[in-house]
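K.L.:
Would you be able to build a 3D model of this:
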Amino acid sequence: MSRVLDIAPLRSFVAVADCGGFQRAATALHLSQGAISQHVRRLETAVGRPLVERQGRGSRFTAAGEALLRQARRILAVHDEALRGFGIDTERAMVIGSTEHAAAQLLPELSGALADTFPDWRVRFRIDRGAQLRTGLADGRIDLALLLGPAGDPDAQTVGELELTWYSAPGWHPPRDGGPIALVAFDAPCALRTRALDTLAEYGLPAEVGCEAAHLAGVQAAVQAGLGVGLMATLGQTPQGLVARDDLPPVLPLPLSVRARRGLRADLVAGAAESLRRVLPPAGAVARVLAVQGV
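P.N.:
The predicted structure is shown next:
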């Protein structure tokens, strides 16, 4: 009986290891979970021994599975290199997720930096809320995510910071009777919302969220309509129809972190992080300027 290790099953097998499970591998490869399972069974038939076994609600690789995984990576690397040698694109794609904050200003520069860093890769972007991006990482639908806030886990690293600015409609003014400042904010949880409320409270200014929105366009529309003041990260580019407010307390910048999905190659993470550092102020730079100014 002829036994062959086909490329497609090997690619599915490696994806199970890199993505942390059959369902995540299926999502990453745009296949059904049943197709991934069938591919693994074909490999088990070819080598004549089990490669994956159940462990509680999940699964783990057997000793034979670990051995085949090492060989599978080598086989796929040589296979893809051979195709590229004949000018055949092996469709190496990377999906990067980003929050909406400053996306219009940040992503054009970042796209160019990534093209220089990964000339042989096709980079796609996904714009969403932080919670959805974290879910995409866990499911294997996103390779890297740009998230507001400091790196909080081993798979993340801080790459820079976003300066924050208060914006309002041209005719809006803070209440003169000492009443609460009306704030337009993103739905909770949101790092910008928290930073806005904490900053105003630190300066003894009462505030209340008078309007909430799920997306940046809604926040900007509400601020433009005069419903309140909004805290935004715009990399110094004032949104149309709004004015920056220097009569409100200065706000410390928010760190921007890059977080990778499980199993993503370390060189890809390092390359993306370096690209981000080239287009962002270094972490702590704006905070040091504020300190020098006595803020």
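K.L.:
C-alpha from now on. contacts and neighbour counts both.
P.N.:
Fine.
K.L.:
export stretch 51-66 as PDB, just CAs?
P.N.:
Presented in PDB, the C-alpha positions along stretch 51-66 are these (Å, rounded to 0.1, in the frame of the first residue of the first chain):
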ATOM      1  CA  LEU A  51      -1.200  11.900  16.100                       C
ATOM      2  CA  VAL A  52      -3.700  13.700  18.200                       C
ATOM      3  CA  GLU A  53      -5.600  12.500  21.300                       C
ATOM      4  CA  ARG A  54      -8.400  13.900  23.400                       C
ATOM      5  CA  GLN A  55      -7.500  15.700  26.600                       C
ATOM      6  CA  GLY A  56     -10.500  16.900  28.600                       C
ATOM      7  CA  ARG A  57     -12.500  19.200  26.300                       C
ATOM      8  CA  GLY A  58      -9.500  19.800  24.100                       C
ATOM      9  CA  SER A  59      -6.800  17.700  22.500                       C
ATOM     10  CA  ARG A  60      -3.000  17.300  22.500                       C
ATOM     11  CA  PHE A  61      -0.400  15.900  20.200                       C
ATOM     12  CA  THR A  62       0.900  12.400  20.900                       C
ATOM     13  CA  ALA A  63       4.700  11.700  20.800                       C
ATOM     14  CA  ALA A  64       4.300  10.700  17.100                       C
ATOM     15  CA  GLY A  65       2.300  13.900  16.500                       C
ATOM     16  CA  GLU A  66       5.100  16.000  17.900                       C
END
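K.L.:
Next SSE downstream of the host helix or strand of D116?
P.N.:
According to DSSP states H and E, D116 maps onto helix 103-117. Under the assignment DSSP H and E, the closest C-terminal helix or strand after helix 103-117 is strand 122-127.
K.L.:
Is it correct that V52 is in contact with R60?
P.N.:
Yes. Look at V52 against R60 with Cα atoms under 8 Å: they come within range, at 5.6 Å.
K.L.:
coming back round to it: between the helix holding D116 and strand 122-127, what angle do the directions make?
P.N.:
Angle of helix 103-117 versus strand 122-127, following axes from the mean of the first three to the mean of the last three Cα atoms, to 10 degrees, is 160 degrees.
K.L.:
so where is the protein shaky, pLDDT-wise?
P.N.:
The model of the chain has pLDDT under 70 over residues 1-2, 89-92, 102-105, 151-155, 281-295.
K.L.:
How is it divided into domains?
P.N.:
Here the domain parsing of the chain from automatic domain parsing is 7-85, 93-161+254-292, 165-244.
K.L.:
now these as a markdown table including mean neighbour count?
P.N.:
Formatted as a markdown table, the domains of the chain follow (neighbours: other Cα atoms under 10 Å):
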| stretch | mean neighbour count |
| --- | --- |
| domain 7-85 | 16 |
| domain 93-161+254-292 | 18 |
| domain 165-244 | 18 |
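K.L.:
where along this structure do the helices fall?
P.N.:
Under the criterion DSSP state H, the chain contains helices at 7-19, 22-29, 33-47, 63-85, 103-117, 130-139, 191-202, 216-224, 266-279, 285-292.
K.L.:
so which of those helices comes closest to P170?
P.N.:
P170 sits nearest to helix 216-224 of all those, at 8.1 Å, using Cα to Cα.
K.L.:
Can you spell out which helices and strands pack onto that closest one?
P.N.:
Packing partners of helix 216-224 (3 or more Cα pairs under 8 Å, 6 or more residues apart in numbering; DSSP states H and E): strand 165-168, strand 181-186, strand 207-213, strand 229-232.
K.L.:
Which of those sits closest to G271?
P.N.:
Evaluated with Cα to Cα, the helices and strands packed on helix 216-224 place strand 229-232 nearest to G271, the distance being 27.5 Å.
K.L.:
Paired strands for that closest one, with orientation please.
P.N.:
Partners of strand 229-232 in the sheet, by DSSP bridges, are strand 165-168 (antiparallel), strand 181-186 (parallel).
K.L.:
Quick one: distance of stretch 184-197 to the chain centre.
P.N.:
18 Å (Cα atoms, centre = their mean, to the nearest Å).
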